[in-house]
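Q: using only what follows, build the 3D model:
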Amino acid sequence: MDIKAFRLKYPQFADEIKYPDAYLLNFWEFAECLISFVCKCSDKARELLVAHLASLDPSKSSEEGNGSSGVIASASIDKVSVSFAQNPTSSEWAWWLNKSSYGELLSMLLRQCSVGGDYIGGYPERSGFRKIGGGFVG
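A: Numbering: from 1, shown residues only. Have a look, this model is predicted:
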């Protein structure tokens, strides 16, 4: 991980005192465990995951007054009240990624990298709706 390039891309983490190199490298190693695939954008995905993890770190967010995280369902100003939405997504992974803008970008990138699939063996018409020549697969 090129930490200088990371800090330029994500200026929120430019403060070397608040976010030391070892702190970010720790998240990089964790990101490699969570995202291990070969994709044109795999380094970008790991960078987004590092930014997501660092932005959700409770030890850093509590200093800024952001003790809770989640998707806000409603908020009021007088007599301050905030309520968080229940999990509307199909998986805990997607719900967790939606807790920061970095996670949302990562979610979109992961969906793009995982599109498609492979067809192995058999006749090519088995992967379609019609046989070669136009007849339906029976």
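Q: so which elements touch the one helix or strand residue 102 maps to?
A: Here residue 102 sits within helix 101-113, counting by DSSP states H and E. Judged by 3 or more CB pairs under 8 Å, 6 or more residues apart in numbering; DSSP states H and E, helix 101-113 is in contact with helix 42-56, helix 92-97. C-beta here means a position set from N, CA and C on the backbone, and glycine is covered the same way.
Q: hang on, residue 7 packs against residue 21?
A: No. Counting by CB atoms under 8 Å, residue 7 stays clear of residue 21, with 9.5 Å between them.
Q: who has more neighbours out of those two?
A: residue 7 (17 against 13; other CB atoms under 10 Å).
Q: how near is the more buried one to residue 111?
A: Note on residue 7: its distance to residue 111, by CB to CB, to the nearest Å, is 27 Å.
Q: same deal with residue 16?
A: Going from residue 16 to residue 111 by CB to CB gives 33 Å.
Q: from what I can see residue 54 touches residue 20, true?
A: No. When contacts are counted by CB under 8 Å, residue 54 is not listed as touching residue 20 (11.1 Å).
Q: the two: who's more crowded?
A: Set residue 54 next to residue 20 and count neighbours by other CB under 10 Å: residue 54 wins out with 22 against 12.
Q: and the strands in the protein, which stretches?
A: Ranges of strands within the chain are 72-76, 81-84, based on DSSP state E.
Q: can you name the residues in contact with the helix holding residue 102?
A: The contact list for helix 101-113, computed with CB atoms under 8 Å, 6 or more residues apart in numbering, reads 10, 35, 37, 39-42, 44-45, 48-49, 51-52, 55, 94, 96-98.
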